[in-house]
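K.L.:
sequence and predicted structure are below.
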Amino acid sequence: MSKFQLPDLSYAYGALEPYFDQETMTIHHQKHHQAYVDNLNKAVVGTDAEGVELQAILAQVSQYSPAIRNNAGGHYNHSLFWQILSATPKTEPTGKLAKEVVATFGSLDELKTRIKNAGLGQFGSGWAWLYIKYNGTLDVVATPNQDNPLMETQLTSRGVPILGVDVWEHAYYLKYQNKRADYLDAFWSVLDWSAVEKQYEEVIDKLI
């Protein structure tokens, strides 16, 4: 049995319509994410990364080959992405995360603007993130390709992602074509803040 596995989705491929279309979701999960999993399992064989947990690989990713870096990032990033989407999402944060969003960004709308601008400003393929720095504060950053803030190669933006939006064209092109901004706007209609809050609480508890 392969170490790394494609996670199941908690919703049907068509459940996020009309914001994320069924065909894109099916291809994105079954083909693109599956390819990252398969290629990662192949890439780690016979290397120091064999038997190492995914987050531990990312934390020292510069020690490994580009194939491990790209596919480990792709597997982690997509796994988080699926977890924070829902057909019946909580539409805004509450509690500790809501307070921290306001303290850091001024408002939820400003956070959304920051994430959208990060996604639009990412040239080519990549991701836009809301992440927790290791001092417990929030920040937004964009990363190229399948990089993420867990990687020690992120010299000025290291931390733990709690929200990520995929801006690779395979995530949106069938429905939105070149209109990345429209896709980023639609993202908020399927983002489940309860899932983001869960990520936040788990990370903060470990940092305290």
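P.N.:
The structure has been received and is ready for your questions.
K.L.:
tell me which residues in stretch 151-159 are buried?
P.N.:
Buried residues in stretch 151-159, defined by neighbour count with 16 or more other C-beta atoms under 10 Å: 151, 154, 157, 158, 159. Just so you know, the C-beta spots here come from the backbone N, C-alpha and C atoms, and that holds for glycine as well.
K.L.:
distance from that stretch to the middle of the chain?
P.N.:
Stretch 151-159 has its C-alpha centroid displaced from the chain centroid by 15 Å (C-alpha atoms, centre = their mean, to the nearest Å).
K.L.:
what's the answer for stretch 85-97, then?
P.N.:
Its chain's C-alpha centre and that of stretch 85-97 lie 16 Å apart, by C-alpha atoms, centre = their mean.
K.L.:
ends of that stretch, what's the gap?
P.N.:
Length of stretch 85-97, first residue to last, C-alpha to C-alpha, to the nearest Å: 17 Å.
K.L.:
for this protein, list the residue farthest from the centre, please.
P.N.:
Within the chain, residue 46 marks the point farthest from the mean C-alpha position, 28.1 Å out by C-alpha atoms, centre = their mean.
K.L.:
find the centremost residue of the protein, please.
P.N.:
residue 164 (3.2 Å).
K.L.:
check which element follows the host helix or strand of that one along the chain.
P.N.:
Using DSSP states H and E, residue 164 sits within strand 159-166. The helix or strand immediately downstream of strand 159-166 is helix 173-176, counting by DSSP H and E.
K.L.:
and that next one, which residues are buried?
P.N.:
Judged by neighbour count using 16+ other C-beta under 10 Å, the buried positions of helix 173-176 are 175, 176.
K.L.:
now swap in stretch 98-108 and tell me
P.N.:
Buried-residue list, stretch 98-108, by 16+ other C-beta under 10 Å: 100, 101, 105, 108.
K.L.:
so who does the residue nearest to the centre of the chain touch?
P.N.:
For residue 164, the contact set (C-beta atoms under 8 Å, 6 or more residues apart in numbering) comprises 77, 80, 81, 84, 127, 128, 129, 130, 148.
K.L.:
cool, and residue 172?
P.N.:
24, 180, 183.
K.L.:
is the last one in contact with residue 171, as I believe?
P.N.:
Yes - Residue 183 lies in contact with residue 171 (C-beta atoms under 8 Å); the separation is 7.3 Å.
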